[in-house]
Each structure stands twice: as structure tokens, then as C-alpha cells.
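> quick one: sequence and predicted model below, then my questions.
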Amino acid sequence: MRRPFEPRLIAVETDRFRASFSTRGGVLVDYHLYDYRDFSGEPLRIVREGTAGFGVSLNGTDLSDREFRCETQALA
């Protein structure tokens, strides 16, 4: 039996994009492209928090209720 956990958002940001992943299922929940603008002039969001997002599966196994952990605080 899996232990309960409180999901967190993990952000990965560069000068070109910002991606936010949920630790619940490793789902991409928010994605901004800074080099592109929407009709209001804001950075283009191609995945919006609160929508279904993009999930992860492994050999057909649904991982949406599994806890994913961030092992590093920075990307090199």
C-alpha cells in the first residue's frame, strides 16, 4: 500500500520557457513559451494549469497516482 502524500509543483525555467510538473504522476501541468506571445501580449501558454496536462505511463501502467520526486535542484 502506498503512503499518502501532498503533491507539489516542480518548476523548470530557462530564458525560453517555464514548465511546471506535479509530483503526483509526474504530469506536465503548465508550460509557457517566452519567445511567443498570445493575443494579449503575454507569454504563450501551451499547457494551462487546471487542465488535464500530459501524464506519464510505463508499459501501459497508469502512473497518475504515483509520487514522483525531484532529485536535483538545478539543471546544468
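Right, received. Where do you want to start? Numbering: from 1, shown residues only.
> just the helices in this structure please.
Under the criterion DSSP state H, the chain contains no helices.
> just give me the longest strand of it.
For the chain, the strand with the greatest residue count under DSSP state E is strand 28-37.
> distance check, the residue most central in space within the chain against residue 31.
Centre of the chain computed as the mean C-alpha position; nearest residue by Cα atoms, centre = their mean is residue 21, 2.1 Å away. Distance of residue 21 to residue 31, computed by Cβ to Cβ, to the nearest Å: 10 Å. The C-beta positions use only the backbone N, C-alpha and C, and glycine is treated the same way.
> also residue 13?
Note on residue 13: its distance to residue 31, by Cβ to Cβ, is 11 Å.
> which neighbours do those two share?
residue 19 (Cβ atoms under 8 Å, 6 or more residues apart in numbering).
> who has more neighbours, the two?
Taking neighbours as other Cβ atoms under 10 Å, residue 13 and residue 31 compare with residue 31 leading, 20 against 12.
> how many neighbours does the closest residue in space to that one that isn't next to it in sequence have?
With Cβ to Cβ, 6 or more residues apart in numbering as the criterion, residue 31 has its nearest non-adjacent residue at 4.0 Å, and that residue is residue 47. Using other Cβ under 10 Å, residue 47 is surrounded by 16 other residues.
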